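K.L.:
when you get a sec, could you give me coordinates for this:
(one chain, ligands or ions: 1)
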Amino acid sequence: MQKLLSVVLVLLVSVVPSVGESSNEIESQIESILEQLTLAEKIAMTHAQSKFSSPGVPRLGIPEIWMSDGPHGVRAEIAWDSWSHAGWTSDSITAFPALTGLAATFNPELANQYGVALGEEARYRKKDILLGPGVNIYRTPLNGRNFEYMGEDPYLASTMVVPYIKGVQQNGVSACLKHYALNNQEQWRGHINVEVSDRALHEIYLPAYKAAVTEAKVWTVMGAYNKFRGQHTTHHKHLINDILKGEWGFDGVLISDWGSAHDTKEAAMYGLDIEMGTGTDGLTTSNENAYDYYYLAKPFQEMIQKGELDESLLDDKVRRILRLMFRTNMSPDRPLGRMNNPEHLEVARKVAGEGIVLLKNDRSFFPIDSKKKMTIAVIGENATRAMTPGGGSSELKARTEISPLQGLKERYKEAKFIYSPGYASGPPAYGRIVPSTLDADSLRTAAVKAAAKADLVLFFGGLNKNHGQDCEGGDRAGMALDFGQGELLQKLIKTNKNIGVILVSGNAVEMPWLPKVKGLIQSWYLGSEAGHAIADVISGDVNPSGKLPFSFPVKLSDNAAHSFGELSYPGDGQTQYYKEDILVGYRWHDTKKIEPLFAFGYGLSYTSFKLSSIKTDKKSYTTDESINISCKVSNTGKVDGSEVVQVYVGKVNSTVDRAEKELQAFQKIHLGMGTKKTLDLSLDIADLAFYDESVSGWNVEKGDYLIYVGTASNKISKKVKIRIN
Ligand code: BGC
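P.N.:
Numbers count the residues shown, from 1 in each chain. Here you go, the predicted structure:
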């Protein structure tokens, strides 16, 4: 009986494709559906019918497609035809940490749990496509959307994005990888033309997209607003036809960003499959029945009817859309999803706790003993400000959001808290700055008084989700902290030397006050469980193990993009040139010997770790081999903790310009105090290739390489020389 059952099971498993798999059977069903569709029905499927949906074909039972932002939670329902909130009462969700925080965990397993939980929420909310994740590379600390992305390193972003996407999609919900490509600033995002070398494109800006397509098999990709080499990226011959759908074999749907399509012929020919957001509420080019006037609506139909465009272009789009439907809303076996359950909050808290980065800790300022009776002055707007709303399309309506102050009060039962905001940034507003009406002097004076009365000061500052801070639709004006935070901090430091700073941001900031504060924690936008996670780390319940996913320069001109002046960032209003080429982030700091304030990959712990016995399995290799590296990691301190072992590789005497070293592998390991373990890491030699523009392909240089093993890009325990023959 048992045997019979397993035979039946095996048979079942082999005929029912699992969620998302395309099969010959599905492909032939797609063909037979396609034959039954009229031209008008096919045209309808390639563009929006509302702000966040595209129509199906009711006559044949083909469903609508429903989409929602965004990368770190499912956005509240938006009105049918405007950006207003629809006002539902059933759309509050779990807010997960924004993606810089996820990247900072350096923990791909957690990225998968994150994706699964987020996908479950999207599924429960009946979404077919979740508009995220974003993997635009962190090029400048001024980019208003960096908090939505995964940092400055293509290998880190690739490693973290793949499990996230697999997690989302196992729910029968498509992840939508954005913004393809080179949308690395918000200023002039709608028209800025990016000029960048093929080498930087392939080595820095595309790898995370490639991994998402070829390894995670993402089902949808979103085009970007900007241009590349004179053509809009949403209908781009080279980026979409040649690379995405050609070289990488993407068989899914390319969706426009909202309003990023600009031309019918280009959209038809260069890969756009579903056009969204072109102009439906007067924001751009509203028309009566605006959806019918989308580039891929009536104008497309007419060009086909006149013979100016071939119908096969439309058929290719519809095939892709139907394939997406078989993976999502026409899949018979997708799970049901769930929302706001304790497990999702637990994932949010775990990611937040592991993503927080301890940057400075003089004389063990942190952790702060929770058993002590003391007065803690909590100063700063970010101790209480909600960070799940705002920021643009990634705004969230969280069912709960624990503020840092609330988290601390819950955890520190013996302490007395005095809270004083110290500064005020103004109310939430999208696309414009609304200054606060509160008096800055009085706020500052009150905060200094509070600090004087306390045993300990915790300052919660940084950025927020308003325009000009960490927010879509605009960049920051500079790297300094706004709203008089710098001045306030200097005053607080003078009043009470026992002071620690917690920065809430998705971007690097200037820190002239750094030498005078005892402790510094980099917190991100941590979502529903923010305050709990911060209290977990401050109290020592969680030992910090986050690492910076991007470099913190001392000053803006130390950043590669900015060091080349305005033509490099933000451009002249029309075009910008990525003059730093491949030397983005730590690649620049390392190679040009410009010390960052805090380096990529850096982050402290409450314990200490030692790396030893670092070696490679061989001294010389051929190009088709892998390099195996072993390294003993010892927890030499007094508490359990986790460390991230990072492997960077650099070419000795390269024939081309190269970064001193590049991240090629990493692994996070948890060790009880006083214990040790040997880690094995491996990397493919093929991954050491540079992009050779002379052959438009990858080239592994022969000769000597240095393997750097350490715990940050600037904390290398050992270099090992190897040879590739
Ligand atoms: C953003 C996208 C977002 C879309 C829909 C656009 O403005 O750039 O990231 O998914 O709006 O809200």
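K.L.:
low-confidence stretches in this protein?
P.N.:
Scanning the chain for pLDDT under 70 picks out the ranges 1-21, 280-289.
K.L.:
what does it put close to the ligand?
P.N.:
Selection of the chain residues close to the ligand by CB under 6 Å from any ligand atom yields 69-70, 131, 178, 257-258, 393. Every C-beta, even on glycine, is put in place using the N, C-alpha and C of the backbone.
K.L.:
name the residues that touch stretch 244-258?
P.N.:
22, 51, 67, 129, 174, 176, 178-180, 209-210, 213-214, 218-225, 234, 240, 267, 271-278, 317, 320-321, 323-324, 393 (CB atoms under 8 Å, 6 or more residues apart in numbering).
K.L.:
swap in stretch 193-211?
P.N.:
The contact list for stretch 193-211 (CB under 8 Å, 6+ apart) reads 135-137, 150, 154-155, 157-159, 161-162, 177, 180-182, 184, 221, 226-230, 243-244, 248, 571, 574-578, 581-582, 584, 690-691, 693, 696.
K.L.:
center of the chain, which residue is that?
P.N.:
The residue lying closest to the centre of the chain (CA atoms, centre = their mean) is Y149, at 2.5 Å.
K.L.:
spit out the contact partners of the residue in the stretch 551-700 of the chain positioned nearest to the ligand.
P.N.:
Closest contact between the stretch 551-700 of the chain and the ligand, by CB to the nearest ligand atom, is at P570 (17.3 Å). Residues near P570 by CB under 8 Å, 6+ apart: 185, 187-188, 192, 475, 576.
K.L.:
that older thread, export the residues of the chain next to the ligand as TSV, with columns for neighbour count.
P.N.:
Output for those, formatted as TSV (neighbours: other CB atoms under 10 Å):
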residue	neighbour count
D69	24
G70	25
L131	29
K178	28
D257	23
W258	23
S393	21
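K.L.:
looking at these, which are in helices?
P.N.:
Among the residues of the chain next to the ligand, no member falls in helices (DSSP state H).
K.L.:
re earlier: which of the contacts of stretch 244-258 are buried?
P.N.:
Buried subset of the contacts of stretch 244-258 (neighbour count, 16 or more other CB atoms under 10 Å): 22, 51, 67, 129, 174, 176, 178-180, 209-210, 213, 218-225, 234, 240, 267, 271-278, 317, 320-321, 323-324, 393.
K.L.:
next step: the residues you listed restricted to strands.
P.N.:
Of the buried ones among the contacts of stretch 244-258, the ones assigned to strands by DSSP state E are 67, 129, 174, 176, 178-180, 220-223.
K.L.:
closest to Q301 out of these?
P.N.:
Proximity of these to Q301 (CB to CB) peaks at G223, which lies at 21.4 Å.
K.L.:
how about the closest one: what's its closest non-neighbour residue?
P.N.:
Distances taken as CB to CB, 6 or more residues apart in numbering place T234 nearest to G223, at 3.0 Å, with adjacent residues excluded.
K.L.:
measure that neighbour to the ligand for me?
P.N.:
For T234, the distance to the ligand equals 11 Å [CB to the nearest ligand atom, to the nearest Å].
K.L.:
who touches that residue in this structure?
P.N.:
Residues in contact with T234 (CB under 8 Å, 6+ apart) are 223-225, 254, 256-257, 260-262, 267, 272.
K.L.:
ok, of these, which one's closest to the ligand?
P.N.:
Among these, and counting by CB to the nearest ligand atom, the member closest to the ligand is D257, at 4.8 Å.
K.L.:
against Q469, how distant is the closest one?
P.N.:
D257 is 22 Å from Q469, where distance means CB to CB, to the nearest Å.
K.L.:
please apply the same query to P299.
P.N.:
Distance, P299 to Q469, by CB to CB: 39 Å.
K.L.:
between those two, which is the more surrounded one?
P.N.:
More neighbours surround Q469 than the other of P299 and Q469, with 23 against 19 (other CB atoms under 10 Å).
K.L.:
hang on, the more buried one packs against L481?
P.N.:
No: taking CB atoms under 8 Å as the definition, Q469 is not a contact partner of L481, at 10.0 Å.
K.L.:
list residues touching both of the two?
P.N.:
L463.
K.L.:
quick one: the strands in the stretch 401-550 of the chain, in order.
P.N.:
416-420, 456-462, 499-504, 519-523 (DSSP state E, counting those that start in this stretch).
K.L.:
assign a three-state SS to S331, would you?
P.N.:
Assigned with DSSP: H, G, I helix; E, B strand; the rest coil, S331 falls in the coil class.
K.L.:
that one against G172, yeah?
P.N.:
Yes: the pair S331 / G172 is scored as a contact, 5.0 Å apart, by CB under 8 Å.
K.L.:
which of these two has more residues huddled nearby?
P.N.:
Of the pair S331 and G172, G172 is the one with more neighbours under other CB under 10 Å, namely 23 against 18.
K.L.:
report the contact partners of the more buried one.
P.N.:
G172 touches 19-20, 123, 327-329, 331, 333-335, counting by CB under 8 Å, 6+ apart.
K.L.:
just put those residues in JSON lines and tack on distance to A383.
P.N.:
What follows is the contacts of G172, written out as JSON lines (distance: CB to CB, whole Å):
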{"residue": "V19", "distance to A383": "42"}
{"residue": "G20", "distance to A383": "43"}
{"residue": "R123", "distance to A383": "35"}
{"residue": "R327", "distance to A383": "43"}
{"residue": "T328", "distance to A383": "41"}
{"residue": "N329", "distance to A383": "43"}
{"residue": "S331", "distance to A383": "45"}
{"residue": "D333", "distance to A383": "46"}
{"residue": "R334", "distance to A383": "41"}
{"residue": "P335", "distance to A383": "39"}
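K.L.:
now intersect the residues you listed with the helices, please.
P.N.:
123, 327.
K.L.:
pick out whichever of the contacts of G172 sits closest to the ligand.
P.N.:
Nearest to the ligand among the contacts of G172, counting by CB to the nearest ligand atom, is T328 at 17.0 Å.
K.L.:
quick one: the closest one and I65, what's the gap?
P.N.:
Using CB to CB, we find T328 at a distance of 8 Å from I65.
K.L.:
intersection of neighbour lists for these two?
P.N.:
Common neighbours of T328 and I65, counting by CB under 8 Å, 6+ apart, are 128-129.
K.L.:
ok, then the element right after the helix or strand containing G710?
P.N.:
In this assignment (DSSP states H and E), G710 forms part of strand 703-712. Counting by DSSP H and E, the next helix or strand C-terminal to strand 703-712 is strand 715-724.
K.L.:
list the strands paired with that following strand, with their directions.
P.N.:
The pairing partners recorded for strand 715-724 under DSSP bridges are strand 620-621 (parallel), strand 703-712 (antiparallel).
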